[in-house]
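A.B. asks: sequence below, structure please.
(2 chains)
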Amino acid sequence: MSMVWQMVELIGYISLGLGSLGVVIGALGLLRLGDIYQRMHGSGIVDTGGAGLILFGLLLLSPDWTVSVRLILIGFILVMTSPTATHAIARAARVSGVEGELKRKPRAKRKSKSKSKGAK
Amino acid sequence: MSVLAVSLLALGVAFVLAITRAAFGPTPFDRVLAVNTIGTLAVLAIAVYGFFDGRPEFLDIALLYALINFIGTIAILKYFRFGTLGDHPHGSKEDKPS
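C.D. replies: Predicted coordinates for the structure are as follows:
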C-alpha cells in the first residue's frame, strides 16, 4: 500500500516539474514571439499546460480531501475563464485594427486561390 | 520538498519574463495579455507556496485571485473598447444605449 502512495507522490512531483517547465516555456514565448496573436499562443501554454500540470501535481500531493476540492475548483475556474479572457483580448485587438505579422492577402488573390481550390 | 522550491523558482522566472513583456508591449493588448498571464502565474505561485510552507489554506486566496483576475481583464478590455466602464458613452451625458 505504501508503495502505491510513493508512486502517486513521485508522479505528482514529476507533474510539478513538467508544469514548471511548461510555465517557463510559455512565458518565454510570451516574451519572444512576434505579434500579439502569436503571443497568445505562449499565454495559452501557461494557462493550459503549465497551470494544468502544476495543479494536477499538487492534487496528487494534497494531504486532505478539502484541499483536493479547492484545487479542483481552481482548475475549473481557470479552465472556464482563461479562454474567455484570451478570446476577449483577441477580439478587442482585431476590432481595433491591430495587424499581425502575417497580413491578409489582397482580395483578388484570395478569391482566385479559393476558386482554384473549389475547381479541384 | 525541493521540487516545490524549484517550481517556485520557475514561476519567478516566468514572472520576470511576463513583466518584461508587459513593460515593452507595443500595443495595450500586449500589456493586457501579459497582465492576464501574470495573474495566472500568481494563482499558481500562491498555490505552490501554500504546499511549500505546509499551509494549504492559501488555496482560498488563490481561488479569489483567479476570479478577480478574470473580472479585471474583462473590465480593462471593456474600458479600451468603449472608453468607459459605465453606461455613459464616451463624451455624452445621456443614458442612451449606443
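A.B. asks: helices along the chain, start to end?
C.D. replies: Just going to use chain A. Ranges of helices within chain A are A:2-32, A:36-45, A:51-61, A:65-95, A:107-119, based on DSSP state H.
A.B. asks: I was thinking of chain B, sorry if that wasn't clear
C.D. replies: B:2-24, B:28-52, B:58-82.
A.B. asks: give me whichever of those helices is most buried.
C.D. replies: helix B:28-52 (a mean of 23; mean count of other CB atoms under 10 Å in any protein chain shown). C-beta here means a position set from N, CA and C on the backbone, and glycine is covered the same way.
A.B. asks: of all the helices of chain A, which one is nearest residue B:69?
C.D. replies: Counting by CB to CB, residue B:69 lies closest to helix A:65-95 out of those; the figure is 7.7 Å.
A.B. asks: what is the orientation angle of that closest one with helix A:51-61?
C.D. replies: Angle of helix A:65-95 versus helix A:51-61, following axes from the mean of the first three to the mean of the last three CA atoms, to 10 degrees, is 180 degrees.
A.B. asks: coming back round to it: possible to save the helices of chain B as JSON lines with distance to residue A:83 and mean pLDDT?
C.D. replies: Formatted as JSON lines, these follow (distance: least, CB to CB, whole Å; pLDDT from 0 to 100):
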{"stretch": "helix B:2-24", "distance to residue A:83": "18", "mean pLDDT": "92"}
{"stretch": "helix B:28-52", "distance to residue A:83": "11", "mean pLDDT": "91"}
{"stretch": "helix B:58-82", "distance to residue A:83": "11", "mean pLDDT": "86"}
